[in-house]
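# For reference, the sequence and a predicted model appear below.
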Amino acid sequence: MERYQGVRADGRFRRLWNANAPGYLFLLPWLIGFFGLTLGPALISLYLSFTDFDMLRAPGWVGAANYVRIATADPKFASAMSVTLTYVVLSVPFKLTFALLVALALNRGLRGLPIYRAIFYLPSLLGGSVAIAVLWRQLFASDGLVNAALSHFGIVGPSWISHPSYSIYTLVALSVWQFGSPMIIFLAGLRQIPQDMYEAASLDGASKFRQFYKITLPLLTPVIFFNAVVQTIDAFKAFTPAFIISGGTGGPINSTLFYTLYLYQEAFGNFRMGYASALAWILVVIIAIFTAFSFLTSRYWVHYDD
């Protein structure tokens with residue numbers, strides 16, 4: 001009897017394997033990449049965050065010393081957090097607002113809409129590249145195109161890149177210029193709003209502004225929520241523009257020292273891999289807290305179909 005049950009269980013396993021084997025084979029490249037390139041390195045980084053590791057010697061266990069130093073004896077950590085938060089608070093709302101305005105304009109039934117959509121999406125494809133960051137540095141240099149344009153109006157522009165009071169705003173402008181991705185998502189959301197709701201509101205005498213405030217915004221809140229979360233996470237992870245424009249220093253006077261740039265300096269400039277790993281995990285926790293807070297508060301302002 002036991003032998004018969006074993007044979008039956010073995011046959012059932014074979015049938016399940018034969019039915020699902022192609023799916024697992026197709027998943028195999030992703031599984032190898034996930035465990036070998038994502039989860040594995042992340043767990044190793046978590047271990048290294050509790051060690052003193054300089055890539056030349058074996059990691060030495062130091063416990064929570066890296067985290068204690070970050071919290072109590074690292075002024076550059078506070079500076080990098082301040083710059084990054086300033087960048088996030090400024091760039092994300094301006095980018096989303098500009099993307100929504102462009103999406104509203106494109107949603108008015110323009111001829112050649114696919115062409116405009118492709119043109120406006122192009123900055124999102126190019127904006128994160130090194131070439132665009134170099135071009136941006138040239139535009140806002142003391143003898144760049146921006147100051148040349150201002151000189152025609154009798155305005156003497158500052159050296160935007162090398163002035164600590166203005167340098168962060170050049171990076172914010174570069175971020176806002178990359179509005180194409182949220183614009184496409186906003187446009188897709190606008191296309192899903194029933195037109196008869198606007199027609200009924202017009203018959204009731206509602207102005208265009210009131211229609212936008214009472215119909216468009218509430219029905220678009222799921223899209224706004226998605227864009228806000230995605231763009232905020234991307235803003236926390238921004239690296240290339242600050243690295244190229246500041247020459248990897250985060251200057252002038254740490255005014256462009258993004259958190260990711262400071263992490264890079266610690267890891268590949270000072271070879272403090274353990275300390276850099278601790279910085280990386282603090283960033284993970286910050287992003288996780290923001291994301292959890294966003295989802296917890298979304299119930300009060302995000303309106304779904306129900």
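The structure has been received and is ready for your questions.
# Now for residue 86, how many residues are close by?
Neighbour count of residue 86, defined by other C-beta atoms under 10 Å: 15. Glycine gets a C-beta too; all of them are placed from N, C-alpha and C.
# so what's it up against?
residue 168 (C-beta atoms under 8 Å, 6 or more residues apart in numbering).
# That one sits in which helix or strand?
Assigned by DSSP states H and E, residue 86 belongs to helix 75-106.
# List the contacts of whatever helix or strand comes next after that helix.
Per DSSP H and E, the first helix or strand lying C-terminal to helix 75-106 is helix 113-126. For helix 113-126, contacts defined as C-beta under 8 Å, 6+ apart pick out 102, 106, 110, 132, 177, 178, 179, 180, 181, 183, 184, 187.
# Check what pLDDT the second one gets.
Spelled out, it's residue 106. Per-residue confidence (pLDDT) for residue 106: 87.
# now swap in residue 10 and tell me
64.
# Mind listing what's buried along the helix holding residue 86?
Judged by neighbour count using 16 or more other C-beta atoms under 10 Å, the buried positions of helix 75-106 are 77, 79-81, 83-84, 87-88, 90-92, 95-96, 99-100, 102-104, 106.
# ok so, going back, what's the closest of the contacts of helix 113-126 to residue 165?
Distances from residue 165 to the contacts of helix 113-126, taken as C-beta to C-beta, are shortest for residue 177 (20.8 Å).
# from the middle of its chain, how far away would stretch 71-88 be?
18 Å (C-alpha atoms, centre = their mean, to the nearest Å).
# what sits against the closest residue to residue 107 other than its chain neighbours?
Leaving aside its sequence neighbours, residue 107 sits nearest to residue 190 (C-beta to C-beta, 6 or more residues apart in numbering; 4.5 Å). The contact partners of residue 190, by C-beta under 8 Å, 6+ apart, come to 103, 104, 107, 216, 220.
# on that earlier part again, in the contacts of helix 113-126, which has the lowest confidence score?
residue 110 (70).
# Now render the contacts of helix 113-126 as TSV, adding secondary structure and distance to residue 66.
Formatted as TSV, the contacts of helix 113-126 follow (DSSP: H, G, I helix; E, B strand; the rest coil; distance: C-beta to C-beta, whole Å):
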residue	secondary structure	distance to residue 66
102	helix	44
106	helix	49
110	coil	54
132	helix	35
177	helix	37
178	coil	34
179	coil	38
180	helix	39
181	helix	35
183	helix	41
184	helix	41
187	helix	45
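# What is the neighbour count of the residue nearest to residue 134 when sequence neighbours are not counted?
In space, and not counting its chain neighbours, residue 134 is closest to residue 244: 5.9 Å by C-beta to C-beta, 6+ apart. Residue 244 has 18 neighbouring residues, counting by other C-beta under 10 Å.
# Confirm that residue 244 lies within a strand, as I assumed.
No: with DSSP: H, G, I helix; E, B strand; the rest coil as the criterion, residue 244 is located in helix rather than a strand.
# Verify the stated contact: it with residue 138.
No: at 10.9 Å, residue 244 and residue 138 do not qualify as touching, with contact defined as C-beta atoms under 8 Å.
# measure residue 197 to residue 97 for me?
Going from residue 197 to residue 97 by C-beta to C-beta, to the nearest Å gives 23 Å.
# quick one, what contacts residue 271?
Applying C-beta under 8 Å, 6+ apart to residue 271 gives the contacts 54, 55, 56.
# Let me know the helix or strand that it is in.
Using DSSP H and E, residue 271 maps to neither a helix nor a strand.
# re the thing from before, now the angle between helix 113-126 and the helix holding residue 86, please.
If you take axes from the mean of the first three to the mean of the last three C-alpha atoms, to 10 degrees, helix 75-106 sits at 170 degrees to helix 113-126.
# Please name the nearest non-neighbouring residue to residue 260.
Distances taken as C-beta to C-beta, 6+ apart put residue 239 closest to residue 260, at 4.1 Å, once the chain neighbours are dropped.
# Got phi/psi on the one you found?
The phi and psi values for residue 239, taken as degrees, to the nearest 10, are phi -140, psi -50.
# Who are the packing partners of the one helix or strand residue 42 maps to?
For residue 42, the host element (DSSP H and E) is helix 40-48. Secondary-structure packing of helix 40-48 (3 or more C-beta pairs under 8 Å, 6 or more residues apart in numbering; DSSP states H and E): helix 273-298.
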